[in-house]
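Trainee: Please find the sequence and the predicted model below.
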Amino acid sequence: MPHDTNTSIAVVIPTFNRANTIVACIKSVLSQTYPVNEIIIVDDHSTDNTIKQLNEFEDEIIILQTKHQSGAQAARNVGIKAAKSEWISFLDSDDEYLQNKLEKQISVLNIAEYNPMTVVHGDCYLRNINSDKLKHWQLDKIDGENVYKQLLSKSGTLFPSILTSKQALDKISYLDENVPSYHEWDTAIRLAKYCRFIHIQKPLFIYNIHESTISKNPEVSVEGYQYIINKFKDDIIKFCGDATFTNHLIINSVLAFNNRKNKLGRAILRQVPNRLLKKNILQLFSYLRIKPIYFNKLIKFLLWKR
């Protein structure tokens, strides 16, 4: 495919203590079949050898640092604001692009006539760091001019697959730095107010699974999920209905209970109407210290939206 090299792209990579993965991450960007204008690494005050590893690429990357350790969203914002390119692509420092990731995205962006109010995203491969096996993670299709309601109902994007314009990110006043987790869900909801989404239903990157990912911290996951549904509560109810908001609460309480965060799960359930059998069953499970995951058929019922 001929390259439209007039389309400038900055890849923004936040990092913290990723000395063991940052080299493979950067090499996956350098090996892209579509040329990248800027590779911006934003170090969030690493205490390991991350900076030493970065210095090996000093002629090929831009190294920035947050003013104080403040999390991935703040680091991404530093990179976005520093970027001179028109388009921003994200990557996490423990993941890797597939070689034609950006080429595929630019191809569909060309069809969209490079409208800056566009988000191009896609699926990924899952890989456990202890194995070389890849598994295609097929996400729900998030595609079209108006996906706001769909994203209020369920998360459906991954940060390392997102390509969007700096103009669009400026439109939403950049990323919310207070989101504990589910960063891409919050960002996608906010972008969906203004942008068309194009979903490439093929893997664009490799998501490496290991113990230190945010998703491995159940308390942070539950807090992040709750932060987002509380933040967008009015619109969730307005566009999707009370039942959808209640279902979010049920899902998040199940996440808490499955990770033995019973007190946290019960606090979430207080927002659920007492008349619902789902609430009573989950409360009983929590007091008996039974993980809901042990009852798959029952969980399907609990998460079923009426």
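Mentor: Nice, thanks for sending it over.
Trainee: in stretch 112-132, what's buried?
Mentor: Within stretch 112-132, the residues that count as buried by 16 or more other Cβ atoms under 10 Å are 116, 118-125, 127. For the C-beta atoms, the positions are set from N, CA and C on the backbone; glycine is no exception.
Trainee: Quick check: phi and psi on the closest residue to residue 19 other than its chain neighbours?
Mentor: Closest residue in space to residue 19, ignoring its immediate chain neighbours: residue 49 at 4.1 Å, by Cβ to Cβ, 6 or more residues apart in numbering. Torsion angles at residue 49 (phi, psi; degrees, to the nearest 10) stand at phi -90, psi 20.
Trainee: Distance of residue 49 relative to residue 43?
Mentor: If you measure residue 49 against residue 43 using Cβ to Cβ, to the nearest Å, the figure is 12 Å.
Trainee: out of the two, which sits in the busier spot?
Mentor: When residue 49 and residue 43 are compared for neighbours, residue 43 comes out ahead with 23 against 14, by other Cβ atoms under 10 Å.
Trainee: measure stretch 202-217 end to end?
Mentor: Using Cα to Cα, to the nearest Å, one end of stretch 202-217 lies 28 Å from the other.
Trainee: Output the lowest mean pLDDT helix or strand found in the protein.
Mentor: helix 296-302 (a mean of 61; mean pLDDT, DSSP states H and E).
Trainee: what about residue 113, is that helix, strand or coil?
Mentor: Classification of residue 113 by DSSP: H, G, I helix; E, B strand; the rest coil places it in coil.
Trainee: Can you give me the distance of it to residue 170?
Mentor: The spacing between residue 113 and residue 170, counted by Cβ to Cβ, is 20 Å.
Trainee: now do residue 62
Mentor: Note on residue 62: its distance to residue 170, by Cβ to Cβ, is 19 Å.
Trainee: go on, residue 154?
Mentor: Noted for residue 154: a distance of 27 Å to residue 170, by Cβ to Cβ.
Trainee: Could you check which of the two is surrounded by more residues?
Mentor: Neighbours per residue, other Cβ under 10 Å: of residue 154 and residue 170, the larger number sits with residue 154, 15 against 12.
Trainee: Now that one: closest residue in space, sequence neighbours ignored.
Mentor: Excluding the flanking residues, the one nearest residue 154 by Cβ to Cβ, 6+ apart is residue 140, at 6.6 Å.
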